[in-house]
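Undergrad: I need the structure of the sequence given here:
(one chain, ligands or ions: 2)
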Amino acid sequence: MDVSHLIDRLNPPQREAVSAPLQSRLVLAGAGSGKTRVLVHRIAWLIQVEQISPYAIMAVTFTNKAAKEMRSRIEALLGLTPRGMWVGTFHGLAHRLLRAHHREANLPENFQILDSDDQLRLVKRICRELNLDEKRWDPKELTWFINAQKDEGLRPQHLDSYGDSSWQTRIDVYKAYEEACQRGGMVDFGELLLRSHELWLNQPVLLRHYQQRFQALLVDEFQDTNKIQYAWLRMLAGERMPVMAVGDDDQSIYGWRGARIENIQNFTSDFPGTEIIRLEQNYRSTDTILQAANALIANNQGRMGKQLWTDSGEGEKIAVYSAFNEQEEARFIVEQAEKWADQGGMRQEVAILYRSNAQSRVLEEALVRAGVPYRIYGGQRFYDRLEIRNALAYLRLMQNRHDDAAMERVINVPTRGIGSKTLETVRDYARQQQVSLWQASVEAIERRLLSGRAAGALLPFIELINQLQRDSESLAMADTIALMLQHSGLVEHHEKDKDKGEARAENLQELVNAARQFEQSWSPDEEDEQAGLTDVLAAFIDQAALDAGDAQAAEFSDCVQLMTLHSAKGLEFPLVFMAGLEESLFPHSMSMEDPQGLEEERRLCYVGITRARQKLFMTWAESRRFYGQEERRTHSRFLREIPEQLLEEVRLGASIRRPLSFQRPTSPSFAEAEVPATEFYLGQRVIHGTFGEGILTNFEGQGPKARVEVNFDDVGSKWLILSMAKLQAL
Ligand SMILES: Nc1ncnc2c1ncn2[C@@H]1O[C@H](COP(=O)(O)OP(=O)(O)OP(=O)(O)O)[C@@H](O)[C@H]1O
Ligand SMILES: [Mg+2]
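TA: Numbering: from 1, shown residues only. Ligands and ions are numbered 1, 2, ... in the order given. Below you'll find the predicted structure:
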């Protein structure tokens, strides 16, 4: 049989890995050196040359998408579908095992998976049952504690408080949590692995079955395995199963979730006979991009050390763009992305990467405005996110009490003790009387159809919405939203989310920013003289819904890809933008002070840079709105760690020197005659008699009322009336 196609497009060390004898191998190599490619070819080799049935192969990937991709690549190499192969994430594979052996694992057949929301809710309930004061015992922190123990493979009985009472309390909560999960047939993410590990431990026959079934085990992104995942691998592999793990210590970016780089160091001793294979040629990026990545990561201590080279040519310099604010940053990125498409590139070849989810909103809006289709990978679109939908539901209800969907959505979010029985009564009443849920609630209370306790839980909600509407009558929309967030308890509610709490809270603050911008740019129909708050709000809500819908429709067409740096792991794109390279955003303020945290941020930056094949843009904004406040920013230290000769600073080029003409597109043409296009343009440096030098960042209005916003070097941002300000262009 001719198997040359399995190895002829590989370099010698890659070939060595693919065609290695059936023993364990550790492929330790930098980004873009073909690790994932080696795994794919190895699996095809095992099937075709070693004649191992696909049924006897297990491959672990980091995401479900990567699993799908791996399957289709193997299929392409083999020319047939490898049936029976187990390819998936650790969680996916463990879940599969538990479903198959729920009885042996002591779980009901229909066991449920708890997501992080459910998990926190359960921990809270337990705190109440144990009479723990939530102020002292933060349920969020307790949830973290439980998950961290599970990631380490520890049950409550493995923990010892050594007489420390606060430690003992945590252990007690963990224990009660476990019992509640067991009673309810519920399994959280950490439990999937821990439980399936114990399943094998307690059922040697079952373990032996799987050890005999699988003849090869392959693991991608090995640097990000945690302790229980590693133990799981070791147990399954036993003494004989050959394991091929591929990884890069420089790309370990999940330490905050318990991933352990030490697993790489331990691998060779735990899997006897393992040889290490190093790959040093990078096939992904230009030499410039690679050198930048190498120089950056050299700032980390205690690396295993690898040198990467490429023969793909020098390539273009890395473009660094300093925007004056996040809006301008987004505009610049969209323009450059469109330029790529205009020059014949595909939109899906373009990735926009950012550190924090909240950054996507401004980018998304710029894309929508420019009519550029996009999709968010590994995360939800801004207006689709749970917390944003909840916030919008409150706003909808304030607008229209009879919006039942909105009412259903938030009546008990945050939980206010409205039980399912109360809700049923209200729903029944609404059905019978043909009224909205809102109306039904009000009437059910008035007619005393509810118990005192139920009414006592429902009434404050009704009052909250009424009060919010009254209070908002004199407020701008953004302030209304801020008020709603404050009084509804939505921020605190979402903040408690285990993994995403911080991101969710940031997103809610972003909504306030979005509303403020929307308001500033919103112009009601001419005939609608009395356009008040409700109209802006209605327009804003519609816009949000449209944004979400639009983006969805574009999902399968040629789209620009947006994602966080974390979810970009393993992927590659011809054109990459890394946005928000600013101190305290990236590196993130949470990790900046701690040397280990900082190194993990740097690895994340290394991951970002090495996603780019041909061209990389790194952008930052001199000023950014944070929690509704304009903040001055400084560029990220990571930019300074890249040798200057690899960078080129993009100045505001001709394409973005848009002269300001101070007219609204809808206004009649006499405005043009009245106000000739001025010499000013966005991004221009100007000087003012009193405030000194600054950058022109925004404008609005027309004629004598035209105003400009200037971000002054010394006194910060100010709005000035253009005709009075006597600005001079510099
Ligand atoms: N020998 C080779 N010849 C040609 N192209 C190659 C070769 N090896 C790898 N490539 C290509 O280089 C790119 C990077 O490969 P791959 O994604 O497997 O790298 P990786 O080491 O897994 O990267 P990461 O660390 O980012 O996960 C891919 O486009 C792959 O097809
Ligand atoms: Mg890879």
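Undergrad: so who does the closest residue to ligand 2 within the stretch 251-400 of the chain touch?
TA: As assessed by Cβ to the ion, ligand 2 sits closest to Gln251 within the stretch 251-400 of the chain, at 8.7 Å. Every residue, glycine included, has its C-beta placed from N, CA and C. Going by Cβ atoms under 8 Å, 6 or more residues apart in numbering, Gln251 touches 31, 221, 223-224, 569, 603, 606-607.
Undergrad: okay, Leu199 and ligand 1: tell me how far apart.
TA: 31 Å (Cβ to the nearest ligand atom, to the nearest Å).
Undergrad: what about that residue, neighbour count?
TA: Neighbour count for Leu199, taken as other Cβ atoms under 10 Å: 23.
Undergrad: may I ask you to confirm that it belongs to a helix?
TA: Yes: counting by DSSP: H, G, I helix; E, B strand; the rest coil, Leu199 is part of a helix.
Undergrad: helix, strand, or coil at the nearest residue to it once chain neighbours are set aside?
TA: Leaving aside its sequence neighbours, Leu199 sits nearest to Ala105 (Cβ to Cβ, 6 or more residues apart in numbering; 4.7 Å). Classification of Ala105 by three-state DSSP places it in coil.
Undergrad: which ones are touching Ile609?
TA: 289, 292-293, 296, 578, 616.
Undergrad: what do you get for Met590?
TA: Per Cβ under 8 Å, 6+ apart, neighbours of Met590: 502, 597.
Undergrad: can you report how many residues neighbour the closest residue to ligand 1 within the stretch 251-400 of the chain?
TA: Per Cβ to the nearest ligand atom, Tyr283 is where the stretch 251-400 of the chain lies closest to ligand 1, at 3.3 Å. Applying other Cβ under 10 Å, we find 16 residues neighbouring Tyr283.
Undergrad: can I assume it is in contact with Trp309?
TA: No: using Cβ atoms under 8 Å, Tyr283 is not in contact with Trp309; the gap is 10.7 Å.
Undergrad: re earlier: among the contacts of Gln251, which one lies nearest to ligand 2?
TA: Glu221 (6.7 Å).
Undergrad: ok, that closest one - contacts?
TA: Glu221 touches 61-62, 246-247, 251, 569-570, counting by Cβ under 8 Å, 6+ apart.
Undergrad: tabulate the residues you listed (CSV), appending pLDDT, distance to Arg707 and secondary structure.
TA: Shown next, in CSV, are the contacts of Glu221 (pLDDT from 0 to 100; distance: Cβ to Cβ, whole Å; DSSP: H, G, I helix; E, B strand; the rest coil):
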residue, pLDDT, distance to Arg707, secondary structure
Thr61, 92, 54, coil
Phe62, 86, 50, coil
Val246, 97, 57, strand
Gly247, 95, 55, strand
Gln251, 94, 48, helix
Lys569, 91, 45, coil
Gly570, 92, 48, coil
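Undergrad: does Met304 lie in a helix or a strand, and which?
TA: Under DSSP states H and E, no helix or strand contains Met304.
Undergrad: what's the separation between the closest residue to it other than its chain neighbours and Ala259?
TA: Leaving aside its sequence neighbours, Met304 sits nearest to Asp249 (Cβ to Cβ, 6+ apart; 4.8 Å). The spacing between Asp249 and Ala259, counted by Cβ to Cβ, to the nearest Å, is 11 Å.
Undergrad: my guess is Met563 contacts Tyr377. True?
TA: Yes: counting by Cβ under 8 Å, Met563 touches Tyr377, with 4.2 Å between them.
Undergrad: my guess is Tyr374 contacts Phe382. True?
TA: No: using Cβ under 8 Å as the test, Tyr374 is too far from Phe382 to be in contact (11.3 Å).
Undergrad: so which residue of the stretch 501-650 of the chain comes closest to ligand 2?
TA: For the stretch 501-650 of the chain, Cβ to the ion, closest residue to ligand 2: Gly570, 4.3 Å.
Undergrad: show me what contacts Lys421?
TA: Ala454.
Undergrad: buried stuff in the helix or strand hosting it?
TA: Applying DSSP H and E as the criterion places Lys421 in helix 420-433. Under the neighbour-count criterion of 16 or more other Cβ atoms under 10 Å, helix 420-433 has 422-423, 425-426, 429-430 buried.
Undergrad: can I get the CA coordinates of it in PDB?
TA: Extracted in PDB, the C-alpha atoms of helix 420-433 (Å, rounded to 0.1, in the frame of the first residue of the first chain):
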ATOM      1  CA  SER A 420     -43.000  28.100  40.600                       C
ATOM      2  CA  LYS A 421     -46.400  27.700  42.100                       C
ATOM      3  CA  THR A 422     -46.900  31.500  42.200                       C
ATOM      4  CA  LEU A 423     -45.900  31.700  38.600                       C
ATOM      5  CA  GLU A 424     -48.300  28.900  37.600                       C
ATOM      6  CA  THR A 425     -51.100  30.700  39.300                       C
ATOM      7  CA  VAL A 426     -50.300  33.900  37.500                       C
ATOM      8  CA  ARG A 427     -50.000  32.100  34.200                       C
ATOM      9  CA  ASP A 428     -53.300  30.300  34.700                       C
ATOM     10  CA  TYR A 429     -55.000  33.500  35.500                       C
ATOM     11  CA  ALA A 430     -53.600  35.200  32.500                       C
ATOM     12  CA  ARG A 431     -54.800  32.400  30.300                       C
ATOM     13  CA  GLN A 432     -58.300  32.400  31.700                       C
ATOM     14  CA  GLN A 433     -58.800  36.100  31.700                       C
END
